[in-house]
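J.: Give me the fold of what follows.
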Amino acid sequence: MSPRFRTLVSVSALALGLLAGPAHADALTSLFDLTPAKVKAWRAAPQGALYWNQIDRVELSQRGGPPDNAPNQQPAEIGEAELAAALAKLQYRSARGEVLPLFSAEEIKRVQMALAAALGVANGTQDVLFVSTGPKKERGYTRTLTAAGRAFYADGALNVLVGEAGRDVMHEVRTEQGSQLTVNFNHGSRAEAEKTVALVAAPQAGVTLVRSDWLRVPLAAQAKSASTSAAPAAGAAAAVAQPAGASPAIKAQEERFELLKRLHDKGLISDAEYEKKREELLKSI
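T.: A predicted model of the protein is given here:
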């Protein structure tokens, strides 16, 4: 059974934006929008979802699937520009048979920021759930459509598994009579394919169709796991330096120091926070 997650949407707030005319054509994103500061704050404490409007967001979730699956190669530091290029290659076939982009250019501006942050803090047992809404042009008409699914980094590629694509959530909002609407989103499942989704591979762009609802896009070699690409702080390195064949517990400590250093280098935690946490880690050795 594919997992479904509920979102309680304020119909009145969305309707006001949707009915306000061309000046509010991007009503969803104009409600909150996404800023580097908001992304930075969420990444420092990624509990709950990172929203950029009342519907669209990313959040971390246990990936599920067969227990013998290899873990995701996460956390992974992937550049936003590289992610944007990968997201632009994703396509699906609509119910009317037309091939459409999974994410519009307007959506990618925000999804790349949110997804880069989420992949940078997700661990090997987590997927990044996403919901994204934007304009899609089909048969000459532009409609605001929603896609939902899960993404993760593994096998040197961005994997995107889609639970639903081309959903007209805005129509559901417009026709709802009450003041609130509970929306259930399907983020797909590793265990079985979502039969209502038909993704389209672009072999010339290096995109592989793993399953009818699952696409894989290879990323450049610089997209490395944070635990292997970060250089530990000098003091931390001396404290946790161990010979080859160190125990799993020691390796886990090393990874904690390395991740802490990376967060500090990126400005995601202050000097005081870095020193405090580093002292705590040293005391735990």
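J.: could you measure residue 89 against residue 213, distance?
T.: 16 Å (Cβ to Cβ, to the nearest Å). (Glycine included, C-beta is placed from N, CA and C.)
J.: Centroid-nearest residue for the chain?
T.: Closest to where the C-alpha atoms of the chain average out (Cα atoms, centre = their mean) is residue 115, at 3.5 Å.
J.: The helix or strand harbouring it - contacts with which helices or strands?
T.: Using DSSP states H and E, residue 115 sits within helix 105-121. When contacts are defined as 3 or more Cβ pairs under 8 Å, 6 or more residues apart in numbering; DSSP states H and E, helix 105-121 sits against helix 36-44, strand 50-51, strand 57-62, strand 76-77, helix 80-87, strand 126-138, strand 141-154.
J.: out of residue 89 and residue 213, which sits in the more crowded spot?
T.: Neighbour count, other Cβ atoms under 10 Å: between residue 89 and residue 213, residue 213 has more, with 25 against 19.
J.: Do I have it right that that one meets residue 199?
T.: Yes. At 6.0 Å, residue 213 and residue 199 qualify as touching, with contact defined as Cβ atoms under 8 Å.
J.: Which residues are in contact with each of these two?
T.: residue 162 (Cβ atoms under 8 Å, 6 or more residues apart in numbering).
J.: From residue 188, how far off is residue 268?
T.: Residue 268 is 29 Å from residue 188, by Cβ to Cβ.
J.: Would you reformat the helices and strands packed on helix 105-121 as a markdown table and include mean neighbour count, distance to residue 184 and mean pLDDT?
T.: Shown next, in a markdown table, are those (neighbours: other Cβ atoms under 10 Å; distance: least, Cβ to Cβ, whole Å; pLDDT from 0 to 100):
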| stretch | mean neighbour count | distance to residue 184 | mean pLDDT |
| --- | --- | --- | --- |
| helix 36-44 | 15 | 24 | 94 |
| strand 50-51 | 21 | 17 | 94 |
| strand 57-62 | 20 | 15 | 96 |
| strand 76-77 | 21 | 29 | 92 |
| helix 80-87 | 19 | 24 | 94 |
| strand 126-138 | 22 | 11 | 93 |
| strand 141-154 | 21 | 10 | 94 |
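J.: on that earlier part again, of residue 268 and residue 188, give the one with the bigger neighbour count.
T.: Legend: neighbour count by other Cβ under 10 Å for residue 268 and residue 188, higher for residue 188 (24 against 18).
J.: mind showing which ranges of this structure have poor pLDDT?
T.: 1-31, 66-68, 174-181, 221-251, 264, 285 (pLDDT under 70).
J.: who's in contact with residue 69?
T.: 63, 190.
J.: is it fair to say it lies in a strand?
T.: No. Counting by DSSP: H, G, I helix; E, B strand; the rest coil, residue 69 is not found in a strand; it is coil.
J.: quick one: buried residues of the helix or strand where residue 209 lies?
T.: Element membership for residue 209 (DSSP H and E) is strand 208-211. For strand 208-211, a neighbour-count test (16 or more other Cβ atoms under 10 Å) marks 210, 211 as buried.
J.: what do you get for stretch 98-115?
T.: 100-104, 106-115.
J.: and which of those is nearest residue 126?
T.: residue 115 (13.1 Å; Cβ to Cβ).
J.: isn't that closest one right up against residue 83?
T.: Yes. Between residue 115 and residue 83 a contact is recorded at 5.8 Å, counting by Cβ under 8 Å.
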